[in-house]
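# okay, here's the prediction I keep looking at, along with the sequence it came from:
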Amino acid sequence: MKRKRFLILCVFLSLSLLLGACQSEQQENVLYEQINASSYSSQVQEQANTDDTQSDSNISSDTTSDEQNDENSESEEENTGMKINVKINDYTFTATLNDNEAANAFFEMIKTEPVTIKMSDYGGFEKVGSLGVTLPSSDMQTVTDAGDIVLYQSNQIVIFYGSNSWSYTRLGRIDDVDGLRKAITGSTVNVTFSAEE
């Protein structure tokens, strides 16, 4: 009887040790899986960061390429040789028109008879006034600079003495902007556009 109890006790202890070892191994496996999952998550995050960086680089490269294309298309429109006079109060400037439908229509209009527009200040960087007629437009996002002449909303002429970024149709550019800011001062100015003789 004692021997039976001893055997039962030995079997019980063996089973306990075996169960303990199994639980310990399962805990080790769980810990190992957690470590692997954490490592995998880090690798995935690093890969995602690398992909984002490459994507940003590609976007930046595409944007730069698009900007260069826009600049190229704008420069292709310039230097048509169509010269006009821009008289602002008592100052007269010469300007060269771009080669586009709007600039050509504007040139035909002022070639017949000079056009005077009362222009008002806007934003501390431009003068704008209604042309009184609608011209064909090909608006595109444009960064302007002092001396640029643009068409806004198909029927308004804008002369810049500062810089802005908006959607315009380029008409031309004042050849020499020296004295432009002085000429264009005041809340309103009368500007006469005429074809150069």
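Happy to help now that I have it. Keep in mind that this is a model prediction, so the values were computed, not measured. Residues are numbered from 1 along each chain as shown.
# check the gap between Asp148 and Asp90 for me.
22 Å (C-beta to C-beta, to the nearest Å). Placement of C-beta: from N, CA and C, glycine included.
# likewise Thr96?
From Thr96 to Asp90 the distance is 22 Å (C-beta to C-beta).
# looking at those two, which is more packed in?
Neighbours were counted for Thr96 and for Asp90 using other C-beta atoms under 10 Å; Thr96 has more, 18 against 6.
# so where's the protein uncertain?
Along the chain, the model assigns pLDDT under 70 to residues 1-80.
# quick one, domains of it?
By the assignment in automatic domain parsing, the chain contains the domains 1-77, 83-195.
# name the residues of stretch 164-183 that are buried.
Asn164, Tyr168, Thr169, Arg170, Leu171, Gly172, Arg173, Ile174, Val177, Leu180, Ala183 (16 or more other C-beta atoms under 10 Å).
# span of that stretch from start to end?
20 Å (C-alpha to C-alpha, to the nearest Å).
# can you check stretch 110-121 too?
Taking C-alpha to C-alpha as the measure, stretch 110-121 stretches 23 Å from start to finish.
# pull out the buried positions in that stretch.
Buried residues in stretch 110-121, counted by 16+ other C-beta under 10 Å: Ile110, Val115, Ile117, Met119, Asp121.
# pretty sure the third one contacts Ile157?
Yes. Counting by C-beta atoms under 8 Å, Ile117 sits close enough to Ile157 to count as a contact (5.9 Å).
# where do the contact lists of these two overlap?
Common neighbours of Ile117 and Ile157 are listed as Gly129, Leu131, Val191, Phe193 (criterion: C-beta atoms under 8 Å, 6 or more residues apart in numbering).
# mind putting those in TSV, distance to Glu101 included?
Output for the shared contacts of Ile117 and Ile157, formatted as TSV (distance: C-beta to C-beta, whole Å):
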residue	distance to Glu101
Gly129	21
Leu131	15
Val191	22
Phe193	17
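# can you give me the end-to-end span of stretch 158-170?
10 Å.
# just to revisit the earlier point, just give me the closest of the shared contacts of Ile117 and Ile157 to Gly81.
Gly81 has its nearest neighbour among the shared contacts of Ile117 and Ile157 in Phe193, at 16.9 Å by C-beta to C-beta.
# and whichever helix or strand the closest one is part of, what's buried?
In this structure, Phe193 sits in strand 188-195 according to DSSP states H and E. The neighbour-count check on strand 188-195 (16+ other C-beta under 10 Å) flags Val189, Val191, Phe193, Ser194, Ala195 as buried.
# with stretch 148-155 instead?
Asp148, Ile149, Val150, Leu151, Tyr152.
# ok, now which ones touch Gln153?
Contacts of Gln153 (C-beta under 8 Å, 6+ apart): Ser137.
# next, it: phi, psi?
Backbone torsions for Gln153, taken as degrees, to the nearest 10, come to phi 50, psi 30.
# quick one: it and Ile174, what's the gap?
Remark: distance between Gln153 and Ile174 (C-beta to C-beta) = 21 Å.
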